[in-house]
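Engineer: Build me a model from this:
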Amino acid sequence: MNALSTERRILTYGSFDPLQIGHVRFLKRLSAMGDRVIVGLSTDQFNSEKGSPSILPFEERREILQSCQYVDHVIPETDWDQKHTDIVNYNISLFAMGEQFAGKYDHLNDITQVLYLPRSKSVYARDPENVDPNFTQTSFVAQALVKSA
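Structural biologist: Numbers count the residues shown, from 1 in each chain. Predicted coordinates:
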């Protein structure tokens, strides 16, 4: 991207394990805020280091995310400290995370805009308080996995 470009790039990170409707709604909101959405996807090793081993292997989660119409590019997330470098290397305009991380990344405001979005009720979450009690299997994520033609 050259210096005169006005493309708005958005970066977020997560395990997306498994991808569920709360994730899709989050990615859709990000997509509406910019031109490109880049997702830093936690590797299996990084998930283990965080104390939350992967359910699905990294390559399967990457393939699923890459098929989502709201995601333009997926990069591996290997440690907590890579965010600064990724923001610079990918010329990020907006760094966005869920509200559960509020304040954790405020130090990045010196190089990009930082935004914490509210979590939506979801079909699956590692946090049981965030599960939608009205979930049915037919309401899962298939529609978001179809890229626009």
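Engineer: List the contacts of Ala98.
Structural biologist: One thing to correct before we go on: residue 98 is Gly, not Ala. 14, 26, 116-119 (CB atoms under 8 Å, 6 or more residues apart in numbering). Any C-beta I mention is one placed from the backbone N, CA and C, and that applies to glycine too.
Engineer: Which of those are buried? Put it as a ChimeraX command.
Structural biologist: Buried subset of the contacts of Gly98, written as a ChimeraX selection, criterion 16 or more other CB atoms under 10 Å:
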select :14,26,116,117,119
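Engineer: Pretty sure Ser31 sits in a helix.
Structural biologist: Yes - under DSSP: H, G, I helix; E, B strand; the rest coil, Ser31 falls within a helix.
Engineer: so who does it touch?
Structural biologist: 10, 37, 69-71 are the contacts of Ser31 under CB under 8 Å, 6+ apart.
Engineer: again, only using 10 Å
Structural biologist: 10, 37, 68-72 (CB atoms under 10 Å, 6 or more residues apart in numbering).
Engineer: So Gln113 sits against Arg9, correct?
Structural biologist: No - contact criterion CB atoms under 10 Å: Gln113 and Arg9 do not qualify, at 11.1 Å.
Engineer: what residues do those two have in common as contacts?
Structural biologist: Between them, Gln113 and Arg9 share the contacting residues 92-95, judged by CB under 10 Å, 6+ apart.
Engineer: out of these, which are buried?
Structural biologist: Applying 16+ other CB under 10 Å to the shared contacts of Gln113 and Arg9 flags 92-95 as buried.
Engineer: now the strands for the protein?
Structural biologist: All strands of the chain, identified by DSSP state E, fall at 9-14, 36-42, 73-77, 94-98, 113-117.
Engineer: closest one to Pro57 among those strands?
Structural biologist: strand 36-42 (11.3 Å; CB to CB).
Engineer: what angle sits between the closest one and strand 73-77?
Structural biologist: 30 degrees (axes from the mean of the first three to the mean of the last three CA atoms, to 10 degrees).
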